[in-house]
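**Q** What follows is a protein structure lacking sequence information:
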């Protein structure tokens, strides 16, 4: 039997822009998904059929890894689905890690590549930031070219991403989950369509990329005021690109009096927002009073971890 756990993530800056090759910064958080696999007489996931539509990421992870099986697969997740906290990336990475482990060895870069393949296939157009962060943990910065603390390069057609480890100081965020589910694929396609017909949208995508670079600089200096201002601007641009939601704005407005800054995280259209704060209890209470579900999370968490039992 093999067990693999992987963290969720929040994107601090750069979502959607990263799909177009712009910089983005994500951090692993202390909400995790654990997948256990064991030899069995027939395939199953949580005692149900692996062909259930709900298990598409797991099923495609089996195909991507070349696992023959059959296996009994069990999933325990502390990451809400469709929340912007990387639930699909975490279950994909943890599934791949467990399946490779039961066959004898796990290479993080291979898992990151296969996990990106899975997400790209399921969602239609994705970036590798979620899956790489869930694999590597800590903080991951995506750049247009190779830099210091380089991890690996991913490519899809003409698009390419250089993924890097980044050391950043510990930060406290409160994640506010709206409870509104939104599939990533259609939102990514909406931004793509906007950029194909609008020079203004393409300019906004480029600005989001620059915000990421300014944001990592501010974070490394522990300049929380500037970091928060950049989060606010990033959110306004994502709203303008068409991936916002009224409930996200309600939770952000509730959190702002106690925060340096706040923005949606992930694909948008619902899902979650994040607030950078040194008053997490006040922010969590405000989010819940506004009808959201609050999670106080710690950043810079460990990545994929595997054990054989």
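**A** That came through fine. Remember, it's a predicted structure, so these values are computed and weren't measured experimentally.
**Q** Can you give me the domain boundaries for the chain?
**A** 2-168, 172-298 (automatic domain parsing).
**Q** what mean pLDDT does the longest one have?
**A** By that I understand domain 2-168. The predicted model gives domain 2-168 an average pLDDT of 93.
**Q** where's the residue of the chain positioned farthest from its centre relative to residue 71, distance?
**A** Largest separation from the mean C-alpha position in the chain: residue 41, at 34.1 Å (CA atoms, centre = their mean). Look at residue 41 and residue 71: by CB to CB, to the nearest Å, they are 10 Å apart. Where C-beta positions appear, they are placed from N, C-alpha and C, glycine not excepted.
**Q** what's the nearest residue in space to residue 165 that is not next to it in sequence in contact with, if anything?
**A** Counting by CB to CB, 6 or more residues apart in numbering, residue 165 lies nearest to residue 149, which is 4.3 Å off, once chain neighbours are set aside. Applying CB atoms under 8 Å, 6 or more residues apart in numbering, one finds that residue 149 lies in contact with 164, 165, 166, 167.
**Q** May I see those organised as TSV, with neighbour count and distance to residue 116 added?
**A** Output for the contacts of residue 149, formatted as TSV (neighbours: other CB atoms under 10 Å; distance: CB to CB, whole Å):
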residue	neighbour count	distance to residue 116
164	20	16
165	15	17
166	18	19
167	9	24
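**Q** Looking at these, spot the one nearest residue 193.
**A** residue 164 (30.0 Å; CB to CB).
**Q** could you say what helices and strands the helix or strand harbouring that closest one packs with?
**A** Assessed by DSSP states H and E, residue 164 sits inside strand 159-166. Using 3 or more CB pairs under 8 Å, 6 or more residues apart in numbering; DSSP states H and E, the elements in contact with strand 159-166 are helix 129-136, strand 139-143, strand 150-156.
**Q** Pick the most deeply packed of the ones you listed.
**A** helix 129-136 (a mean of 31; mean count of other CB atoms under 10 Å).
**Q** List of residues touching that helix?
**A** For helix 129-136, using CB under 8 Å, 6+ apart, the contacting residues are 6-9, 11, 14, 18, 24, 26-28, 86, 88-90, 92-94, 108, 111-112, 115-116, 118-119, 139-140, 142, 151-152, 154, 161, 163, 165, 303-304.
**Q** same deal with stretch 273-293?
**A** Here stretch 273-293 has contacts from 10, 12, 80, 171-179, 224, 227-228, 231, 235, 247-248, 250-265, 294-296, using CB under 8 Å, 6+ apart.
**Q** Quick one: mean pLDDT for it?
**A** 97.
**Q** Pull out the buried residues from it.
**A** 273-277, 279-280, 283-287, 290, 292-293 (16 or more other CB atoms under 10 Å).
**Q** Stretch 210-219 too?
**A** Those would be 211, 212, 213, 214, 215, 216, 218, 219, for stretch 210-219 by 16+ other CB under 10 Å.
**Q** With stretch 194-212 instead?
**A** Result for stretch 194-212 [16+ other CB under 10 Å]: buried residues 194, 195, 201, 204, 205, 208, 209, 211, 212.
**Q** Out of the contacts of stretch 273-293, which end up buried?
**A** 10, 12, 80, 171, 173-178, 224, 227-228, 231, 235, 247-248, 250-252, 254-256, 258-265, 294-295.
**Q** Now do the helices in the protein.
**A** 56-65, 87-103, 108-123, 129-136, 184-197, 199-220, 224-240, 246-255, 280-289 (DSSP state H).
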